[in-house]
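Novice: let's see this in three dimensions:
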Amino acid sequence: MKRKQSGFTLVEIAIVLVIVGLLLGGILKGQELINSARVRGLADRAIGVQAAYYGFLDRYHAVPGDMAADAATSAIGVTISSGGDANGQLDSPASAEWTEPNALWEQLSKAGFIAGNYIGGDAAPNSGNNTAPLNPFNQPMVVGQTADYMGLATTVSRLNVVLGRSTPVDVAREVDVKMDDGQPLTGSLRIAIDDGATFGVVGQSDSNTACQIQSSNTYNIQGNSQDCNLVYIF
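Specialist: Got it, this is the predicted structure:
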């Protein structure tokens, strides 16, 4: 007697392929939605920090972070543990590069301009010490008066917010397109330098060629770097 051979029909194979396609489409769509949320998160943080900085300056007539701790305590009405030298600018000297940038977050948060309750201090911020806000990739942000950003022309020290490391290059590009000119070396949104930043590794990006292409002023999407860092210049 001949044994009947079993197998999948064309209809069954088609159904399986459709299911696999739907699953893959859902995964890709989910990743796209996650990246879109991260792009919006970085852009919103940059604009929010800028608004908070100028809001504080307008209300208290002092630079947040640069304002002395006792003066900030008196003005805000809550205890402020850290502050600066009240010289009218946000300083980051090599001997105390974190004092005023960390005080900025404490003063902004306790004055109600940003969410959180930051503690100030002189330690470099990280994901667990509550001295600075974190970007969507769990890396600290920092505000300073620095020239730690790339540019086609000679850069000068300008007030900026470093949006934080661990940003994939495709996300960095989308943030730049959303907020600026889509180019890493020009405009108000730039790629951070890759070495010797005022704030050390917190203020740096992956190697220049990994995140951007110098000659054409474009983001190196093909390089697929997962450690770019953006600087938003006020």
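Novice: the longest helix along the chain - contacts with which helices or strands?
Specialist: Taking DSSP state H as the criterion, the chain has its longest helix at helix 10-60. Under the contact criterion of 3 or more CB pairs under 8 Å, 6 or more residues apart in numbering; DSSP states H and E, helix 10-60 touches helix 69-76, helix 99-110, strand 158-162, helix 169-179, strand 230-233. Glycine gets a C-beta too; all of them are placed from N, C-alpha and C.
Novice: next SSE after the fourth one?
Specialist: Meaning helix 169-179. Remark: after helix 169-179, the chain's next helix or strand is strand 189-191, criterion DSSP states H and E.
Novice: ok, now the second one?
Specialist: Sequence-wise, the next helix or strand beyond helix 99-110 is strand 142-146, with elements assigned using DSSP H and E.
Novice: ok now that next one, how far from the chain's centre?
Specialist: 13 Å (CA atoms, centre = their mean, to the nearest Å).
Novice: could you export that strand as CSV, CA atoms only?
Specialist: Backbone C-alpha positions of strand 142-146 (Å, rounded to 0.1, in the frame of the first residue of the first chain) are rendered in CSV as follows:
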residue,chain,number,x,y,z
VAL,A,142,24.8,69.5,31.2
VAL,A,143,24.6,73.3,30.5
GLY,A,144,27.7,75.4,30.2
GLN,A,145,29.6,78.2,28.4
THR,A,146,31.9,76.2,26.2
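Novice: okay if I get the helices and strands packed on helix 10-60 as CSV plus mean pLDDT?
Specialist: Shown next, in CSV, are these (pLDDT from 0 to 100):
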stretch, mean pLDDT
helix 69-76, 97
helix 99-110, 98
strand 158-162, 97
helix 169-179, 96
strand 230-233, 98
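Novice: and of those, who's closest to Ser216?
Specialist: Ranking the helices and strands packed on helix 10-60 by their distance to Ser216 (criterion: CB to CB) puts helix 169-179 first, at 13.0 Å.
Novice: show me what contacts the most centrally placed residue in the chain?
Specialist: For the chain, the residue nearest the mean C-alpha position is Leu163 (2.1 Å; CA atoms, centre = their mean). Listed by CB atoms under 8 Å, 6 or more residues apart in numbering, the contact set of Leu163 reads 42, 45-46, 135, 141, 175, 229-232.
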